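1. Sequence below, structure please.
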Amino acid sequence: MSQCGTHGSTRDKGGRRVYARVGNPVSQCPGQCAWPFHQPIYGPQNPPLVSPKGDVGVDGMVINFATVLAGTVTNPFHGGYFQGRQTHPWRR
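-> Sure, this is the predicted structure:
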């Protein structure tokens, strides 16, 4: 599971429910989850961008939320993309 954010689904009596979770990038993994507003842990070590709102955590969280939301909408049950047989999804 990603520290930055993840999505998935669960089953209960009402059926399948989709969820999304986004973490706090400053406390969990700023060099990975708050990029480009924080120095990356790997790759080019150029100065990071200035956070638009002045809060690296919130601005990094917005990027992560958009990414997780796009994944939740396009592939909510992690079974939408296959390579070959249906038992081998691209993403789990």
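2. Let me see the contact set for Val50.
-> Counting by C-beta atoms under 8 Å, 6 or more residues apart in numbering, Val50 touches Phe37. The C-beta positions use only the backbone N, C-alpha and C, and glycine is treated the same way.
3. same question, Gly5
-> By C-beta under 8 Å, 6+ apart, the contact list for Gly5 reads Ala20, Arg21, Val22, Gly23, Cys33, Asn64, Phe65, Thr67, Val68.
4. Buried ones from those, can you make that a PyMOL selection?
-> The buried residues among these can be selected in PyMOL (16 or more other C-beta atoms under 10 Å) with this line:
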select buried, resi 20+22+23+33+64+67+68
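5. Among the contacts of Gly5, which ones are in helices?
-> Cys33, Asn64, Phe65, Thr67, Val68 (DSSP state H).
6. quick one: the first one and Val22 touch, right?
-> No - using C-beta atoms under 8 Å, Cys33 is not in contact with Val22, being 9.0 Å away.
7. Tell me the buried residues in stretch 36-50?
-> Going by 16+ other C-beta under 10 Å, stretch 36-50 has these buried residues: Phe37, His38, Pro48.
8. need those residues in TSV with secondary structure, can you?
-> Supplementary listing: the buried residues of stretch 36-50 in TSV, determined by DSSP: H, G, I helix; E, B strand; the rest coil:
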residue	secondary structure
Phe37	coil
His38	coil
Pro48	coil
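9. which ones are touching Gly15?
-> By C-beta under 8 Å, 6+ apart, Gly15 lies in contact with nothing.
10. For it, name its beta-bridge partners.
-> Here Gly15 sits in beta bridges with Asp12, going by DSSP bridges.
11. Quick check: the gap between Arg21 and Gly43.
-> Distance of Arg21 to Gly43, computed by C-beta to C-beta, to the nearest Å: 25 Å.
12. Now Pro52. Nearest residue, chain neighbours left out?
-> Leaving out its chain neighbours, the residue that sits closest to Pro52 by C-beta to C-beta, 6 or more residues apart in numbering is Asp59, at 5.8 Å.
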